[in-house]
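Participant: The sequence and its predicted three-dimensional model are supplied below.
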Amino acid sequence: MGGDEAHLRVGITSGIAALILGELSHITINFLVRRRRYFQAERNAAKCPALAAIRAEAKAYRCGSSSAAQRLAASILTQRSFEEIMAARLAVLLKDDVIRARDLEPLFLRILLNQEYEPGMGTVGSLAQADLDCIGDRDPAYAGPLSALLCFKGYQAIQAHRIAHVMWTKGCKTWALLVQSRASQVFSVDIHPGAILGKGLMIDHGTGVVIGETAVLGPDCTLLHNVTLGATGKDKGDRHPKLGEGVLVGTGACILGNINIGDGCKIGAHSVVLKSLPSGATAIGIPAKIVGRAKEEKPGKEMDTSLKQVVKYEPSNPEDNYQSHWLDSVKHVCPLKCEKKQQLRLEQVQERLKALSPNSPLTEEQVDGIFFALDTNCEGTVAKKDFDSKAQDVMKTMKQRYKRSYSDPSPPDSPTLKQTKSLTSQVQRRLTNGKL
């Protein structure tokens, strides 16, 4: 009996020793792996300014006394690339009771690293870096790239959309809608996966922003909170706005319908835009009326939300009712009594443009844009000499502008069967055993 007890003691002791050694071995291996990842990240940071800036901010957190701050810094510093940090953060934010963060993270990482957002626009990860860079130039609340990546939900919502958009274009539409739905719940930002968002987009604050399926935004745009880029009813097909380059949309503004907002436009807070705007126009009101011309080339980068940098329209005759310059929300109509024969009203400009282009008539929208471009003095009229010398060049530019991809987007190419199966199989491998 004594021998059995001795053997039992030896067995228990050996088991405890094995457990301790196993745990120590696990801790050692984990430490070595994290240390290796840390130095890999250090080498990668030398080639990636965004990663270097994020790591510098994380190292400052590590110096704090809080254990939570130190754990946060450690989780950032062991990520080997900007895309790894982005994927890990989005996975934590978008997980739910069914889909775990560890299931989402590798899927998000593959899309960020390897998938092009739209042909010619670069990878999703490169666009995420460009979106992060622009925040520092436009948002006075910006304290650093890491704090923006971790805390700015407008930025996070854009990156969640970019991932969902790739899924949508590759044919995984159910998954795209799941990501979009979860992002809407978490960020209060509803961006349809079919929308196309240009490089360098900032959504400030984010709450209440809605962007419809066929909306297209050019590069360097800025939207403030409660902005809606919506349709006008039950129309199907291409039914949402198209924003050009460097557009600034103020708080609570609504842009409705398949209309074009030209490059460099400003839209004031709580305006309702129902018709197209020519490049450089500033519009406010319900319905929105053009009140002047933006001084900046790209208002979306300058953030003049109070509309101080605007060349306002001044009537040539102060006794005229200036408010009637525009027949409706954005049509350029001059009611002024043009007593000088050298000044042309909209109707006269329209007739002259017809004579210049008899075989390819211009649309109302193009005529409005040409008139606005020629009315450099913001008087609601065009000097005859300006029309004679500049109209041909402006007309060519206008025709080219309306052929650009963001003004008349073609539907994305149908994904190949191989692409669809590839992305779907990745999802299925991550979510097995009845987890979805």
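Facilitator: Received the coordinates, thanks.

Participant: what about residue 111, distance to residue 127?
Facilitator: Plainly put, residue 111 is 11 Å away from residue 127 if you go by Cβ to Cβ, to the nearest Å. The C-beta positions use only the backbone N, C-alpha and C, and glycine is treated the same way.

Participant: does residue 294 really touch residue 312, like I thought?
Facilitator: No. Assessed by Cβ atoms under 8 Å, residue 294 is found out of contact with residue 312, at 11.0 Å.

Participant: Give me the phi and psi for residue 292.
Facilitator: Main-chain dihedrals, residue 292, degrees, to the nearest 10: phi 170, psi -170.

Participant: Contacts only, for it.
Facilitator: 281, 282, 310, 311, 312, 313, 378 (Cβ atoms under 8 Å, 6 or more residues apart in numbering).

Participant: export the residues you listed to CSV and tack on secondary structure?
Facilitator: Compiled in CSV, the contacts of residue 292 are given as follows (DSSP: H, G, I helix; E, B strand; the rest coil):
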residue, secondary structure
281, strand
282, strand
310, strand
311, strand
312, strand
313, coil
378, coil
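
Participant: out of the residues you listed, which are buried?
Facilitator: By neighbour count, with 16 or more other Cβ atoms under 10 Å, the contacts of residue 292 hold 281, 282, 310, 313, 378 as buried.

Participant: Which phi and psi values does the closest residue to the second one other than its chain neighbours adopt?
Facilitator: Counting by Cβ to Cβ, 6 or more residues apart in numbering, the nearest residue to residue 282 once its immediate chain neighbours are dropped is residue 266, at 4.3 Å. Dihedral angles of residue 266 (phi, psi; degrees, to the nearest 10) stand at phi -120, psi 130.

Participant: Dig out what residue 266 forms beta bridges with.
Facilitator: On DSSP bridges, the residues paired with residue 266 through beta bridges are residue 248, residue 282.

Participant: got the contact list for it?
Facilitator: With contacts defined as Cβ under 8 Å, 6+ apart, the neighbours of residue 266 are 247, 248, 250, 281, 282, 283, 294, 299, 304, 307, 310.

Participant: Swap in 7 Å and give it another go.
Facilitator: Each residue near residue 266 by Cβ atoms under 7 Å, 6 or more residues apart in numbering is listed here: 248, 282, 294, 299, 304, 307, 310.

Participant: what do you get for residue 146?
Facilitator: 54, 57, 58, 76.

Participant: Mind telling me the two of those farthest from one another?
Facilitator: Comparing all pairs in those by Cβ to Cβ, the longest separation belongs to 57 and 76, at 8.4 Å.

Participant: quick one: low-confidence parts of the stretch 1-150 of the chain?
Facilitator: 1-41, 64-65 (pLDDT under 70).

Participant: Please name the nearest non-neighbouring residue to residue 167.
Facilitator: Of all residues beyond its chain neighbours, the one nearest residue 167 is residue 176 (3.9 Å), with distances taken as Cβ to Cβ, 6+ apart.

Participant: The one you found reaches residue 194, doesn't it?
Facilitator: No. The pair residue 176 and residue 194 does not pass the contact test of Cβ atoms under 7 Å, sitting 8.4 Å apart.

Participant: Give the residues shared as contacts by these two.
Facilitator: Both residue 176 and residue 194 are in contact with residue 168, where contact means Cβ under 7 Å, 6+ apart.

Participant: Give me the neighbour count for residue 352.
Facilitator: Residue neighbour count, defined by other Cβ atoms under 10 Å, stands at 15 for residue 352.

Participant: Might you report the residue contacts of it?
Facilitator: Listed by Cβ under 7 Å, 6+ apart, the contact set of residue 352 reads residue 387.

Participant: if we can go back for a sec, next, give me the two most distant ones among the contacts of residue 292.
Facilitator: Spatially, the most separated pair among those is 281 and 312, at 12.0 Å (Cβ to Cβ).

Participant: ok, residue 302 to residue 309 distance?
Facilitator: As for residue 302, its distance to residue 309 is 7 Å (criterion: Cβ to Cβ).

Participant: residues bridging contact with the two, i.e. touching both?
Facilitator: In the contact map built from Cβ under 7 Å, 6+ apart, the residues linked to both residue 302 and residue 309 are residue 296.

Participant: So those two - more neighbours on which side?
Facilitator: Ranked by neighbour count (other Cβ under 10 Å), residue 302 and residue 309 place residue 302 first, with 19 against 14.

Participant: Report how far apart the opening and closing residues of stretch 219-227 are.
Facilitator: 17 Å (Cα to Cα, to the nearest Å).

Participant: All the helices of the stretch 301-436 of the chain, residue numbers only.
Facilitator: With DSSP state H, counting those that start in this stretch as the criterion, the stretch 301-436 of the chain has helices at 346-356, 364-374, 384-401, 417-430.

Participant: Among those, show the one with the smallest mean pLDDT.
Facilitator: Between the helices of the stretch 301-436 of the chain, the one with the least mean pLDDT is helix 417-430; it has a mean of 49.

Participant: so who does the closest residue to residue 72 other than its chain neighbours touch?
Facilitator: The spatially closest residue to residue 72, leaving aside those adjacent along the chain, is residue 61, at 6.0 Å (Cβ to Cβ, 6+ apart). Applying Cβ under 7 Å, 6+ apart, we find residue 61 in contact with 69, 72, 73.

Participant: Please, which helix or strand holds the first one?
Facilitator: This points to residue 69. Residue 69 is part of helix 67-77 when elements are defined by DSSP states H and E.

Participant: now that helix: how far from the chain's centre is it?
Facilitator: Taking Cα atoms, centre = their mean, to the nearest Å, one finds helix 67-77 lying 29 Å from the centre of the chain it belongs to.

Participant: Repeat that for stretch 238-255.
Facilitator: Using Cα atoms, centre = their mean, the mean C-alpha position of stretch 238-255 is found 12 Å from that of the whole chain.

Participant: Make 2 the first number, not 1, from now on.
Facilitator: In the new count, where the first residue is 2, that last one comes out as stretch 239-256.

Participant: Was I right to think residue 245 contacts residue 277?
Facilitator: No. The pair residue 245 / residue 277 is not scored as a contact, 10.5 Å apart, by Cβ under 7 Å.

Participant: In TSV: the contacts of residue 147, plus neighbour count, distance to residue 359 and secondary structure.
Facilitator: Rendered in TSV, the data for these read as follows (neighbours: other Cβ atoms under 10 Å; distance: Cβ to Cβ, whole Å; DSSP: H, G, I helix; E, B strand; the rest coil):
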residue	neighbour count	distance to residue 359	secondary structure
55	27	59	helix
58	19	62	helix
59	22	65	helix
77	24	64	helix
